[in-house]
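> Mind looking at a prediction? Sequence and model below.
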Amino acid sequence: MSDLEQKRRTLLALSHELGEESRELSILGEGNTSARLSKERFLVKASGSNLGTLREEDTVECLSEPLLELLGQEHATDEDVDHALVRCKVDPKARRPSVEALFHAYFLSLPGVEFVGHTHPIAINSLLCSTRANDFAERRTFPDEIVCCGPASVLVPYTDPGLWLGQEIRRKTEAYIERYGAFPKVVLLQSHGVITFGSTPEAVKAAMYMAVKAARIFAGAAALGGPVFLSQEVIDRIGGRKDEHYRQAALTSTRST
């Protein structure tokens, strides 16, 4: 089996799990996934396809350069975006990639990132469509949230999907890296959804599922008088413990189930 076939199979498996209706992460054509093939190429879900039933022909092999180049243009038009989405396809006959392929290209250009998942979870969007979105992004309520989701999440204000969203995601992510000296594990899109990424599908799922659990706990605590947040001292302690680093590695390993 070629590397392309193996990556595609792995991407399909990840997509099917994220798109399983009982998880309430995405329905219909919501959400998308991607996998890095090389520095120059990646696979991404085709526009309008369903994560839960994604097929081989619903994935598109794309060139990274046209999309990364577009992200650097401040005055690009919708026509420029459409042209880039066509030009980036390795196979001209392949289906059109999602317009969100722009931010997939960005995340997959980061060192160590091999897979990206984007979904619209009911539990998380309940908070991202509320006045508590910033608290959910900036604060932590229990230890495993820190282990799997990091000391804080990136929060991107609502932005028109497509080029502007990709550019804002890049700006906010770079600001996070400058602040924390590390990549984020969770990127929250206000009134939209969530993005997680990592070196394995398990890393994508660990951050995604824990973020959903954290959202449910946050909402439950809010209904009972308000969340009791962990102190920064506790967050720093858990984030720096060697045993937690070991556990995090085990949770995101390809051996995880």
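Thanks, I have it.
> From the opening residue of stretch 132-146 to its closing one, how far?
When the termini of stretch 132-146 are compared using Cα to Cα, to the nearest Å, they are 18 Å apart.
> again with stretch 144-156
Taking Cα to Cα as the measure, stretch 144-156 stretches 23 Å from start to finish.
> Over to stretch 193-208?
Terminal residues of stretch 193-208 are spaced 11 Å apart (Cα to Cα).
> Need the contact partners of that stretch.
Defining contact as Cβ atoms under 8 Å, 6 or more residues apart in numbering, one finds that stretch 193-208 is touched by 10, 13-14, 17-18, 25, 30-31, 33, 103, 107-108, 110, 112-121, 124-125, 128, 148-149, 169, 185-189, 211, 251-254, 256. In this view, the C-beta of every residue, glycine as well, is placed from N, C-alpha and C.
> if I look at the residue positioned nearest the centre of the chain, how far off is residue 213?
For the chain, residue 195 is the residue whose C-alpha lies nearest the centre (Cα atoms, centre = their mean; 2.0 Å). Shown here: residue 195 relative to residue 213, a distance of 17 Å by Cβ to Cβ, to the nearest Å.
> Equivalent analysis for residue 57, please.
Counting by Cβ to Cβ, the separation of residue 57 from residue 213 is 34 Å.
> picking that back up, show the buried residues in the contacts of stretch 193-208.
When burial is judged by neighbour count using 16 or more other Cβ atoms under 10 Å, the buried members of the contacts of stretch 193-208 are 10, 14, 17-18, 25, 31, 33, 103, 107-108, 113-121, 124-125, 128, 148-149, 169, 185-189, 211, 251-252.
> Show me these that map onto helices.
Within the buried ones among the contacts of stretch 193-208, residues falling in helices by DSSP state H are 10, 14, 17-18, 103, 107-108, 124-125, 128, 148-149, 169, 211, 251.
> State the pair within the residues you listed that is farthest apart.
By the measure Cβ to Cβ, those have their two most distant members at 10 and 128, which lie 28.4 Å apart.
> Point to the helix or strand of this protein where mean pLDDT is at its lowest.
Per-element confidence for the chain was summarised using mean pLDDT, DSSP states H and E. The lowest value among helices and strands belongs to helix 242-251, with a mean of 56.
> how about the strands in the stretch 151-257 of the chain?
Listed from the start of the chain, the stretch 151-257 of the chain has strands (DSSP state E, counting those that start in this stretch) covering 154-156, 186-189, 193-198.
> what would those strands look like in TSV with distance to residue 163 and mean pLDDT?
What follows is the strands of the stretch 151-257 of the chain, written out as TSV (distance: least, Cβ to Cβ, whole Å; pLDDT from 0 to 100):
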stretch	distance to residue 163	mean pLDDT
strand 154-156	14	98
strand 186-189	15	98
strand 193-198	16	98
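> Identify the residue nearest residue 165 in space, chain neighbours excluded?
The spatial neighbour of residue 165 that comes closest, neighbours along the chain excluded (Cβ to Cβ, 6 or more residues apart in numbering), is residue 159 at 4.4 Å.
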